[in-house]
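Enquirer: When you get a sec, could you give me coordinates for this:
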Amino acid sequence: MIDITDIHKRFGNLEVLKGVSLHVNKGEIVSIIGPSGAGKTTLLQIIGTLDRPNSGKVVIDHTDVATLSETQLAAFRNKHIGFIFQFHQLLPEFTALENTMMPALIAGENESEAKQRAAKMLSDLGLANRLSHKPNELSGGEKQRVAAARAMMMKPSVILADEPSGSLDSKNKEELHQLLLNMRDKYGQTIIIVTHDKSLAAICDRVIEMKDGMIINH
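Expert: Residues are numbered from 1 along each chain as shown. Okay, here's the model as predicted:
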């Protein structure tokens, strides 16, 4: 599903990624661990096409993303990649339902169909009675489930999660970890998680360790 070959990324004189290569199979859940500054989030952003490497190759679902224009890349990202961030990144002025619908509306889908699909997604995640609530009316765990519903809205082949349980208490962490497993089992998605959470890393199929911009263990 994901093939990364010899990725280098520099910010000015600082080389953050130093020749990273990685292969992730379809339906695999992989965690990336390592100290702060190891390059984990930079790698995740490059896999998610939010940033481009200085050199190297990124192939996602048989598509070499370097061959896509910015417009094509945005459409590819919207359809194929879902994101879950540590602090949810929900739009505060929109309800849980509207936040979840957003990727479908950006893709130009019919609004009523998008609304129906988003409502089912949220209901499946136990949020049927929270559809009209805005983020400031939701608990931390509920916000993260809305973020997960939004990430799954387009049924993407890849889910990328950056410290998804970093802001949650232990009960909500456990629920989120189970949710990630259920997403893979139900939708067959490939999931890559950047985390410092050892209990989250432990449930993954594979743990990749990074240090100083390189993969040291996979």
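
Enquirer: so which helix or strand takes in residue 126?
Expert: In the assignment (DSSP states H and E), residue 126 maps to no helix and no strand.

Enquirer: Now it: closest residue in space that isn't a chain neighbour?
Expert: residue 145 (7.1 Å; CB to CB, 6 or more residues apart in numbering). For glycine as for every other residue, the C-beta is placed from the backbone atoms N, C-alpha and C.

Enquirer: I'd like the average pLDDT over the helix or strand containing that neighbour.
Expert: For residue 145, the host element (DSSP H and E) is helix 140-152. Averaging pLDDT along helix 140-152 gives 88.

Enquirer: Can you tell me what sits against that helix?
Expert: For helix 140-152, contacts defined as CB atoms under 8 Å, 6 or more residues apart in numbering pick out 82-85, 88-90, 96, 99-100, 102-103, 118, 121-122, 125-127, 130, 133, 135, 138, 159, 164-165, 167-169, 171-172, 175-176, 179-180, 183, 187, 189.

Enquirer: For the longest helix along the chain, enumerate the helices and strands it packs against.
Expert: What stands out as the longest helix in the chain, according to DSSP state H, is helix 170-187. Secondary-structure packing of helix 170-187 (3 or more CB pairs under 8 Å, 6 or more residues apart in numbering; DSSP states H and E): strand 29-33, helix 140-152, strand 158-162, strand 190-194, helix 198-202.

Enquirer: one more time with 6 Å
Expert: Where contact means 3 or more CB pairs under 6 Å, 6 or more residues apart in numbering; DSSP states H and E, helix 170-187 is packed against helix 140-152.

Enquirer: Keeping just the C-alphas, turn the helix it packs on into CSV.
Expert: Presented in CSV, the C-alpha positions along helix 140-152 are these (Å, rounded to 0.1, in the frame of the first residue of the first chain):
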residue,chain,number,x,y,z
GLY,A,140,-11.9,15.0,24.6
GLY,A,141,-12.8,11.4,23.7
GLU,A,142,-15.9,12.5,21.7
LYS,A,143,-13.9,15.0,19.8
GLN,A,144,-11.3,12.4,18.9
ARG,A,145,-14.1,10.0,17.7
VAL,A,146,-15.5,12.8,15.5
ALA,A,147,-12.0,13.3,14.1
ALA,A,148,-11.9,9.5,13.4
ALA,A,149,-15.3,9.7,11.7
ARG,A,150,-14.1,12.6,9.5
ALA,A,151,-10.9,10.6,8.7
MET,A,152,-13.0,7.6,7.5
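
Enquirer: now it and strand 190-194, what's the angle there?
Expert: On the basis of axes from the mean of the first three to the mean of the last three CA atoms, to 10 degrees, helix 140-152 is oriented at 140 degrees to strand 190-194.

Enquirer: Work out the gap between helix 140-152 and the centre of the chain.
Expert: Relative to its parent chain, helix 140-152 has a centroid offset of 11 Å by CA atoms, centre = their mean, to the nearest Å.

Enquirer: Going by neighbour count, which residues in that helix are buried?
Expert: For helix 140-152, the neighbour count (16 or more other CB atoms under 10 Å) marks 141, 142, 143, 144, 145, 146, 147, 148, 149, 150, 151, 152 as buried.

Enquirer: Go through these and name the one nearest residue 69.
Expert: Nearest to residue 69 among these is residue 151, at 24.2 Å by CB to CB.

Enquirer: Leaving out sequence neighbours, find the closest residue to the closest one.
Expert: Nearest non-adjacent residue to residue 151 (CB to CB, 6+ apart): residue 82, at 3.2 Å.
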